[in-house]
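Novice: coordinates for the following, if possible.
(2 chains)
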Amino acid sequence: MRISGWLVHLTTRALGESMDVRSMIHLARRLIRNYDIYERSGFSPNMSIPNKDAASQIVRDIKKDELMLDFIILLIQCQETGLGGRKYRVPHLREIINELNKAGLIYDGEVKMFLENPRVRRTKNWGVLRENDEYIFTFLSLDIVGSSAIVGQNESEIVYSTYDDLRGIVQSAIERRNGRIWNWAGDGGLAAFYFSNKNSNAVLSAMEIIHELYLYNLVSCRLNKPLRIRMAINNGPCLYMRNYGDIKSDTLKKLFEIETKYTPPNHVTLSDSVYHMMNETIAAQLTPSKYGANTSCYTYQLQLER
Amino acid sequence: MDIIVVTDTEAVKEYFKPIQKSKTYSIRICSCADMKEELRRKVHEFLLYVDINGFTAEKRDQTLEYLSKIRGLVYGIIDGRGVLKDPASLFHSGASDYLGKDMKQIDTRRLRQVTAFASVKEGPAQEGNRRRASLVECCIPSGEDWRGVKTGQEYTFYLMFAELDNQTALKNQFSDIQLNIAVNKFKNFIERMVASEHGRIWMWNEFGGLILFPYSGLSFGAVMACMRIILSRKLFSVELNFKKLVSYRIALHIGNTVYRKRGDTGTIISSSINTIFHLGKKYVKPGNFYITANVYRNLSQKVKKTFRAAGSFEGHEIMRMRLPV
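Specialist: Below you'll find the model as predicted:
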């Protein structure tokens, strides 16, 4: 993310006008271990550094290390919850947040992070996740059942447009719940959820996809047979990598295993770790999986009364 | 939609080959001798093509005159040999399509154009000729969207009733403010779900209201929107933080009413509006979605399979959607 000069100026003023140099250093050390302002600024350790100079140096260093957003979040916390047992009145915070809003970021007080505004843009990392850092994600994988047969038995134009329609359904359900499609390979893909109720959001997205696909098959599907999919949901740690091919993760490995081995067509299967995060209303819709002799998974499918 | 082709020769099927696999249109061949009987039996929207090849001049004139006299009939003429000297006159007397000797095949796009043309031709634009007497009731198509709908004029709409169930329990469970919030959530949810099919909330009471969808005589998007709302009950309950599964019921009917802007509907007298309110309030069971027979007839065979007979109400046959279990 590009940091404007105005944002740097505002942050410097906010820091300099809200606390003494000692507290500033303490704050900087939360992000940069063993931060030494004397070494960085060239001031002699037996001299006192003016507030303005200290703030200016710290914000410059923070910006250089690409930690501006984290630092602004710390400033927000200083005002809202306090730092080291003391609350600070941080001026210019509203202006700083407005400046970030203009850059397409909104502050989510629940997760205490700046997230990209989905109305402005949608990127794979929500604008904030860093490459090679580990995060706890909830993943949803989707696969079209019998894709080779579909391709063999239908005109290619019909197949392409049907797969496009499916992607539209999937994208709408996932992005409405702040998920991101990380990979789409024509006949399936992978979506990730990271913020707020990520487990519920993944499951609700999957349920919506199943419902929408049912309606799609009723009125719009031009294939010679109804389009069928299988989905799986699992959560766990994973390194964020910009390039999908570089991601190696046991969480994903288990996800694909659940999808291929334990998920019948038109079902979504949840790992037990996702199931246990569900509230009562959703959990009541799920049944233990009887497919593939795996009883630790739970499934959902749409069934209408006879 | 049904395409009825009146012909005595098999060769004419070639014209309709591109739409044989269409999910939207189904083609049926009918002999010339059975045409009048077929038209009498037909009770819902259809498109008629009459093949005049092989007709004597007298029979041809008689047939064209007969067709032009049926108000509201959407029809086209197949003239494979190009015997008609003035095809444009067909359109003056009410035809909506003409397949001449150079026309070998027609596709779904052409059919959409024909029905759109028929709708405009007989729709709100021409006041004197706008009442289209469909063979089931007086149908005044309001179009695919709201562009052609004018305040103060009568049109045919999809009329949807939606209301929260268990109202006494809701009143006991929530304070006035909480209840207001809950009902507003429901209203916003309905608004969002019907928007893609051009549905608009028209009247809203304490726990629910009436939604209008434009009716062109072809699409059944309103039905799909209602089905989607029923299927989304669990998602709605969870995402909007209701502690229990929320129950609501829906009814859908096709009927006529004068259109006035929302809030200015107090003086409207319409039997269709009475029907939909009575049906929704008195007959639909909690958590269900009911449609009247005129809605059901418009559905494709696949969609029809998701409905079951549910008796009759005030002279209307009623069908009920099979609910998710």
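Novice: how about the strands in the chain?
Specialist: Because you didn't say which chain, this covers chain A. A:105-108, A:113-116, A:134-144, A:180-184, A:188-193, A:229-239, A:267-270, A:287-288, A:298-301 (DSSP state E).
Novice: wait, I meant chain B there
Specialist: B:2-6, B:26-30, B:46-51, B:75-78, B:97-99, B:132-133, B:138-139, B:154-164, B:200-204, B:208-214, B:248-258, B:289-292, B:307-313, B:316-321.
Novice: which of the ones you listed sits most buried?
Specialist: When the strands of chain B are scored by mean count of other Cβ atoms under 10 Å in any protein chain shown, the highest mean neighbour count falls to strand B:289-292 (a mean of 27). For glycine as for every other residue, the C-beta is placed from the backbone atoms N, C-alpha and C.
Novice: so how far is that one off the chain centroid?
Specialist: From the chain centre to the centre of strand B:289-292 is a distance of 14 Å (Cα atoms, centre = their mean, to the nearest Å).
Novice: can you list the strands that that strand pairs with?
Specialist: Sheet pairing of strand B:289-292 (DSSP bridges) gives strand B:248-258 (parallel), strand B:316-321 (antiparallel).
Novice: ok, A:K52 to A:L15 distance?
Specialist: 10 Å (Cβ to Cβ, to the nearest Å).
Novice: give me the residue at the spatial middle of chain B.
Specialist: B:G217 (4.3 Å; Cα atoms, centre = their mean).
Novice: would you mind measuring from that one to B:Y158?
Specialist: 11 Å.
Novice: if we can go back for a sec, which of the strands of chain A sits closest to B:V284?
Specialist: In terms of Cβ to Cβ, the element of the strands of chain A nearest to B:V284 is strand A:298-301, at 26.5 Å.
Novice: follow-up on the earlier one: out of the strands of chain A, flag the one nearest chain B.
Specialist: strand A:298-301 (9.5 Å; Cβ to the nearest Cβ).
Novice: tell me the average confidence for that closest one?
Specialist: Mean per-residue pLDDT for strand A:298-301: 94.
Novice: what's the answer for stretch A:53-65, then?
Specialist: On average, stretch A:53-65 scores 94.
Novice: so how far is it off the chain centroid?
Specialist: The answer for stretch A:53-65 is 28 Å, by Cα atoms, centre = their mean.
Novice: of the strands of chain A, flag the one that's most buried.
Specialist: Buried most deeply of the strands of chain A, by mean count of other Cβ under 10 Å, is strand A:267-270, with a mean of 28.
Novice: show me what that strand is packed against.
Specialist: Judged by 3 or more Cβ pairs under 8 Å, 6 or more residues apart in numbering or on different chains; DSSP states H and E, strand A:267-270 is in contact with helix A:198-219, strand A:229-239, helix A:250-262, strand A:298-301.
Novice: 7 Å - rerun?
Specialist: helix A:198-219, strand A:229-239, strand A:298-301 (3 or more Cβ pairs under 7 Å, 6 or more residues apart in numbering or on different chains; DSSP states H and E).
Novice: for these, give me TSV that also has distance to A:A173.
Specialist: What follows is the helices and strands packed on strand A:267-270, written out as TSV (distance: least, Cβ to Cβ, whole Å):
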stretch	distance to A:A173
helix A:198-219	4
strand A:229-239	11
strand A:298-301	14
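Novice: which non-adjacent residue is nearest residue 96?
Specialist: Just going to use chain A. A:L10 (5.0 Å; Cβ to Cβ, 6 or more residues apart in numbering or on different chains).
Novice: hmm, I had chain B in mind actually
Specialist: Nearest non-adjacent residue to B:S96 (Cβ to Cβ, 6+ apart): B:A118, at 4.3 Å.
Novice: burial measure for that neighbour, as a count.
Specialist: Other residues near B:A118 come to 24 when the count uses other Cβ atoms under 10 Å in any protein chain shown.
Novice: surely it meets B:V74?
Specialist: Yes. Judged on Cβ atoms under 7 Å, B:A118 makes contact with B:V74 at a distance of 4.2 Å.
Novice: identify the contacts common to these two.
Specialist: Contact with both B:A118 and B:V74 is made by residues B:S96, according to Cβ atoms under 7 Å, 6 or more residues apart in numbering or on different chains.
Novice: so A:E305 versus A:W126, what's the distance?
Specialist: With distances taken as Cβ to Cβ, A:E305 is found 40 Å from A:W126.
Novice: same question, A:K225
Specialist: 38 Å.
Novice: what residues does the stretch 51-200 of chain A have near chain B?
Specialist: A:S200 (Cβ under 7 Å from any Cβ of the partner chain).
Novice: quick one, helices of the stretch 51-200 of chain A?
Specialist: A:51-64, A:68-80, A:93-102, A:147-153, A:156-175, A:198-219 (DSSP state H, counting those that start in this stretch).
Novice: tell me which residues of the fourth one come out buried.
Specialist: By neighbour count, and taking 16 or more other Cβ atoms under 10 Å in any protein chain shown as the criterion, the buried residues in helix A:147-153 are A:147, A:150.
Novice: now stretch A:192-209
Specialist: Within stretch A:192-209, the residues scored as buried using 16+ other Cβ under 10 Å are A:192-195, A:197-209.
Novice: what's around residue 93, how many residues?
Specialist: Assuming you mean chain A. A:L93, neighbours per other Cβ under 10 Å, totals 20.
Novice: other chain: chain B
Specialist: If you count neighbours by other Cβ under 10 Å, B:S93 ends up with 11.
Novice: let's see the pLDDT reported for residue 127.
Specialist: Picked chain A for this. As predicted, A:G127 sits at a pLDDT of 81.
Novice: should've been chain B
Specialist: On the pLDDT scale, B:E127 gets 35.
Novice: again with A:N294
Specialist: A:N294 is given a pLDDT of 58.
Novice: which residues does the worst-scoring helix or strand of chain A on mean pLDDT contact?
Specialist: Ranked by mean pLDDT, DSSP states H and E, the weakest helix or strand in chain A is strand A:113-116, scoring a mean of 84. Residues outside strand A:113-116 that contact it (Cβ under 7 Å, 6+ apart) are A:69, A:73, A:100, A:104-108, A:122-123, A:126-128, A:195.
Novice: next one: A:M231 from A:P265, what distance?
Specialist: From A:M231 across to A:P265, the span is 10 Å (Cβ to Cβ).
Novice: how about the nearest residue to B:N298, chain neighbours excluded?
Specialist: In space, B:N298 is closest to B:F220, 5.1 Å off (Cβ to Cβ, 6+ apart).
Novice: now the one you found: phi and psi?
Specialist: phi -130, psi 40 (degrees, to the nearest 10).
Novice: who's in contact with it?
Specialist: Here B:F220 is in contact with B:298-299, B:303 (criterion: Cβ under 7 Å, 6+ apart).
Novice: spatially central residue in chain A, please.
Specialist: Short answer for chain A (Cα atoms, centre = their mean): A:Y194, at 3.3 Å.
Novice: got the contact list for that residue?
Specialist: Going by Cβ under 7 Å, 6+ apart, A:Y194 touches A:126, A:135, A:137.
Novice: pull up the residues of the stretch 1-150 of chain B that are close to chain A.
Specialist: Residues of the stretch 1-150 of chain B lying near chain A (Cβ under 7 Å from any Cβ): B:K23.
Novice: which residues are contacting stretch A:143-152?
Specialist: A:159, A:187-188, A:223, A:227-230, A:259, A:265.
Novice: what sits against A:N234?
Specialist: Applying Cβ under 7 Å, 6+ apart to A:N234 gives the contacts A:139, A:251, A:254-255, A:258, A:271, A:274.
Novice: could you rerun that using 6 Å?
Specialist: A:139, A:251, A:254-255, A:271 (Cβ atoms under 6 Å, 6 or more residues apart in numbering or on different chains).
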